[in-house]
Structures are given as C-alpha cells and as structure tokens.
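J.: Provide a 3D model corresponding to the input given below.
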Amino acid sequence: MRRSQWALEGVRMGKDVFMNRICVLFLTFFGIFPCLALAETAGTPGGATGMEGKITVSPVHGGPTRQGEIDNRPLAKMSFEVKSGDRLVTSFETDDQGHFRVLLAPGHYTVSRKAYTGAVGSYGPFEVDVSAGKMASFRWQCDTGLR
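T.: Alright, predicted model coming up:
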C-alpha cells in the first residue's frame with residue numbers, strides 16, 4: 001500500500017470510531033440517565049404525604065400483669081377520625097394487626113377514636129404533624145381502662 005492509501009484508511013477508521021463514540025454518548029445520555037431518574041423517584045411512591053403506623057391497646061385483662069405475660073394487643077378493626085381544628089378531614093380503620101395508612105395534606109391534625117363516648121379507656125387524641133412528601137410514622141398505645 002502506498003502512503004496515501006494508509007492515510008485514507010486512517011481517516012475512514014477515524015470516522016467510524018468517531019461515530020461509534022457519538023452513538024455510545026447518545027445512548028448513555030438518553031438511555032441510562034432517564035432510568036437513573038426513574039429509580040430515584042421510585043423510592044417515594046408518588047411523593048406520598050400523610051401518616052402511617054400501628055395502634056395497640058393495654059391492658060387486655062384485669063388484675064396485675066404476671067411476669068412474662070403479654071398485656072397488650074393490636075387494636076384491630078377500630079375506626080378513628082382525623083380532624084384539623086374542629087373540621088373532620090377523614091376517617092380510617094385499623095387492619096387486623098392495628099396498622100393504618102392515611103394520605104393527608106401537610107398540616108397539623110388530631111386523631112381520636114371515632115364516635116367514642118365511653119367513660120372508661122383512652123383512645124386519643126393524638127397530635128400529628130404531617131410534612132410535604134413524607135409519611136409520618138407513629139406507634140400509639142391506647143388504654144382500655146381495665147385494672
């Protein structure tokens with residue numbers, strides 16, 4: 001091969017390498033970066049705002065608690081209401097294990113047992129502050145009034 005042919009082959013190879021690099025950069029920018037952005041937002045499902053947690057109740061039987069005896073249980077299938085000042089915002093019911101999850105706008109709320117007029121026991125009120133984009137987490141202990 002002559003020297004001019006070597007130079008021509010070098011230019012052709014240079015264009016191929018250049019185009020390959022452009023394709024890699026294009027795929028990296030438009031293929032990988034959107035996936036990374038998607039993965040970052042996946043941790044906050046829709047930017048959920050509200051509160052979640054578990055409510056338990058104790059004591060679950062009268063008399064003194066014996067050593068090694070469990071004296072609390074999940075407060076299952078119990079209705080609670082969420083108020084902002086005197087205004088009812090929403091209500092929710094705990095599941096079989098006392099868990100709950102409520103979506104709320106950011107703000108200050110009071111949570112208490114719905115329509116409770118009993119003289120014995122205490123089921124709130126619980127004070128709640130909800131911040132934008134966060135699920136506030138709580139574990140509340142209610143009192144049955146048994147002694």
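
J.: next SSE after the lowest-mean-pLDDT helix or strand in the chain?
T.: Across the helices and strands of the chain, mean pLDDT, DSSP states H and E gives its lowest value to helix 33-42, namely a mean of 34. Using DSSP states H and E, the next helix or strand after helix 33-42 towards the C-terminus is strand 50-58.

J.: ranges for the strands of the chain?
T.: Taking DSSP state E as the test, the strands found in the chain are 50-58, 73-74, 79-84, 87-93, 99-103, 107-113, 126-130, 135-143.

J.: right, and these - which one's nearest Gln67?
T.: Nearest to Gln67 among the strands of the chain is strand 50-58; the distance by CB to CB comes to 15.6 Å. Just so you know, the C-beta spots here come from the backbone N, C-alpha and C atoms, and that holds for glycine as well.

J.: not counting the closest one itself, show me its contacts.
T.: When contacts are defined by CB atoms under 8 Å, 6 or more residues apart in numbering, strand 50-58 is touched by residues 71-75, 78, 80, 94, 97-104, 109, 111, 128, 130, 135-144.

J.: hmm, try it at 6 Å
T.: By CB atoms under 6 Å, 6 or more residues apart in numbering, the list of residues contacting strand 50-58 from outside reads 71-72, 74-75, 94, 98-99, 101-104, 128, 135-142, 144.

J.: and Val102, what are its bridge partners?
T.: Beta-bridge pairing for Val102 (DSSP bridges): Met51.

J.: state the number of residues packed around it.
T.: Applying other CB atoms under 10 Å, we find 20 other residues in the vicinity of Val102.

J.: then Glu52?
T.: By other CB under 10 Å, the residues close to Glu52 number 14.

J.: not counting its neighbours along the chain, what's nearest it?
T.: Arg101 (4.2 Å; CB to CB, 6 or more residues apart in numbering).

J.: kindly report the same for Pro125.
T.: Among residues not flanking Pro125 along the chain, Ser112 sits closest, at 4.2 Å (CB to CB, 6+ apart).
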